[in-house]
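Student: please work out how this folds:
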Amino acid sequence: MRLWLTTSPDNFASEFDDIESMFSHGLTRLILQKRGRSGGPYATDDEYERWLLSLPMECRDRIWVRGSPDLAERLEVRGCVTDASSLVGDVPERWKRVNTIAFCRRIEELETLPEWVSGALVGPVFQPQSVYEPVECLGSERVGGLLTGENGVASKVPLLIVFGGIDQDNLGTIKNLPVHGVSVLGGIWNYADPVNAFIKLQRALA
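Tutor: Reported below is the predicted structural model:
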């Protein structure tokens with residue numbers, strides 16, 4: 001099972017040093033997702049480009065941006081994470097050459113994904129540590145049942161990644177699910193020493 005790390009939604013002083021240190025300690029999957037400086041839910045293309053310029057170019061091969069396949073190509077990153085609904089139906093042929101992870105808040109969305117999609121990010125499983133208001137969670141038992149039941153969809157998606165409130169305390173439960181990876185945000189960035197938190201979680205996954 002592989003660890004995916006989602007960036008902190010807001011920039012902070014030691015962020016790039018921390019991320020480079022995590023890369024040196026084995027991080028291979030980083031999801032770049034930032035709030036816009038003007039208050040929007042996501043950063044602009046230019047804001048993402050400026051953010052990426054603070055990391056060595058070779059790091060881009062380990063980064064998936066929260067946005068469209070077109071944005072991933074413009075930024076020259078490994079791939080993108082985009083809403084499942086935008087991948088259904090007719091899409092530009094050029095999208096099919098981009099490593100695209102579908103963002104799914106409902107298990108049922110997995111049934112509608114086209115074959116060319118590389119994988120799916122599903123959740124939240126538990127209450128996310130990065131939000132201030134309670135959100136509707138899928139729960140580990142429901143996720144496990146829907147993925148492995150009679151009509152389970154685990155075998156229909158090449159790569160299944162779960163997110164939402166995952167940390168060392170509940171990792172044992174997650175490891176029992178038929179998934180390929182976990183995406184963590186608050187379970188690392190909420191700690192005073194995020195690099196050490198990453199190393200410990202990485203070891204626990206191994």
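Student: Cys80: which element?
Tutor: Assessed by DSSP states H and E, Cys80 sits inside strand 79-83.
Student: what mean pLDDT does that strand have?
Tutor: Averaging pLDDT along strand 79-83 gives 98.
Student: can you mark which positions in the very next helix or strand once past it are buried?
Tutor: As assigned by DSSP H and E, the chain's next helix or strand after strand 79-83 is strand 99-104. Neighbour-count burial for strand 99-104 flags Thr100, Ile101, Ala102, Phe103, Cys104 (criterion: 16 or more other CB atoms under 10 Å). Where C-beta positions appear, they are placed from N, C-alpha and C, glycine not excepted.
Student: one step back: partner strands of the strand holding Cys80 and their direction?
Tutor: strand 63-66 (parallel), strand 99-104 (parallel) (DSSP bridges).
Student: CSV for these, including mean pLDDT?
Tutor: As requested, the strands paired with strand 79-83 are exported to CSV (pLDDT from 0 to 100):
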stretch, mean pLDDT
strand 63-66, 98
strand 99-104, 97
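Student: give me the distance from the helix or strand where Asp17 lies to the chain's centre.
Tutor: Under the criterion of DSSP H and E, Asp17 resides in helix 15-24. Its chain's C-alpha centre and that of helix 15-24 lie 17 Å apart, by CA atoms, centre = their mean, to the nearest Å.
Student: and the next element down the chain from it?
Tutor: Counting by DSSP H and E, the element after helix 15-24 in chain order, helix or strand, is strand 30-32.
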